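*Asks:* Got a predicted model here, sequence first, then my questions.
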Amino acid sequence: MTQRVLTALALLTSAIMLLPLIGLLLGFINPPEHPLAPTTAFLELVIQSDLWALLGRTILLGLSVSVLSVFLGTYLAFLLVRTRYFGHHTLALIGLMSLAMPSYILAATLRDSLSAYF
C-alpha cells in the first residue's frame, strides 16, 4: 500500500474512534427532549460539585503513573537486554506477568497473600 492510502486509513480509523466522544459532547451541550436527559438540576450539581477537582486529580494521577512507568520500564528493559546477572530470567518473567494476568486478579492475589503482614 502506498503512503497516502495508509494515511487515509489511519485518519478514517481515528475519526471513527472519535465519533462516540463527539456524540457525548453534542448530547451534553444540546440535550435531547427525553425523560432521561440530564435536567438543569443535574447540570448545576455537576458544575457546583467537586467533580472537576476529582477529574483533575484523576488526570494528574494517570499522567504521573504513565511517566513513571515509561522511565522505570525503559530502565529495566535496558538492564534486561544489556546485562546478565543472577535472577535475570526471573525478572524477565515477572515483567511478562502483567501481560498474562489481568491486574485485578494480580491485586486480589497479592492482597490475600500479604494480608497477614498488614
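*Replies:* Here it is on my side, so go on.
*Asks:* By mean pLDDT, point me to the weakest helix or strand of the chain.
*Replies:* helix 40-48 (a mean of 71; mean pLDDT, DSSP states H and E).
*Asks:* I'd like to know which elements the helix or strand following that one is packed against.
*Replies:* Scanning forward in sequence from helix 40-48 by DSSP states H and E, the next helix or strand is helix 51-82. In terms of contacts (3 or more CB pairs under 8 Å, 6 or more residues apart in numbering; DSSP states H and E), helix 51-82 is packed against helix 88-100. For the C-beta atoms, the positions are set from N, CA and C on the backbone; glycine is no exception.
*Asks:* quick one: low-confidence ranges for this protein?
*Replies:* For the chain, applying pLDDT under 70 flags the ranges 1, 31-39, 41-42, 117-118.
*Asks:* Near Thr83, how many other residues are there?
*Replies:* 8 (other CB atoms under 10 Å).
*Asks:* Would you check how far apart it and Ala92 are?
*Replies:* 12 Å (CB to CB, to the nearest Å).
*Asks:* what does Leu24 give?
*Replies:* Distance from Leu24 to Ala92, by CB to CB: 41 Å.
*Asks:* of the two, who's got more company?
*Replies:* Between Leu24 and Ala92, Ala92 has the larger neighbour count (other CB under 10 Å), namely 13 against 10.
*Asks:* re the thing from before, so what's the gap between the least confident helix or strand of the chain and the chain middle?
*Replies:* 27 Å (CA atoms, centre = their mean, to the nearest Å).
*Asks:* Next: stretch 107-118.
*Replies:* 24 Å.
*Asks:* Pull that stretch out as CSV, backbone CA atoms only.
*Replies:* Provided in CSV are the C-alpha atoms of stretch 107-118 (Å, rounded to 0.1, in the frame of the first residue of the first chain):
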residue,chain,number,x,y,z
ALA,A,107,-4.2,-7.4,43.0
ALA,A,108,-6.5,-9.9,44.7
THR,A,109,-3.8,-12.5,44.9
LEU,A,110,-1.3,-10.0,46.4
ARG,A,111,-3.9,-8.7,48.8
ASP,A,112,-4.7,-12.2,50.1
SER,A,113,-1.0,-13.3,50.3
LEU,A,114,0.1,-10.1,52.0
SER,A,115,-2.9,-9.6,54.3
ALA,A,116,-1.1,-11.4,57.2
TYR,A,117,1.6,-8.7,57.2
PHE,A,118,-0.7,-5.7,57.4
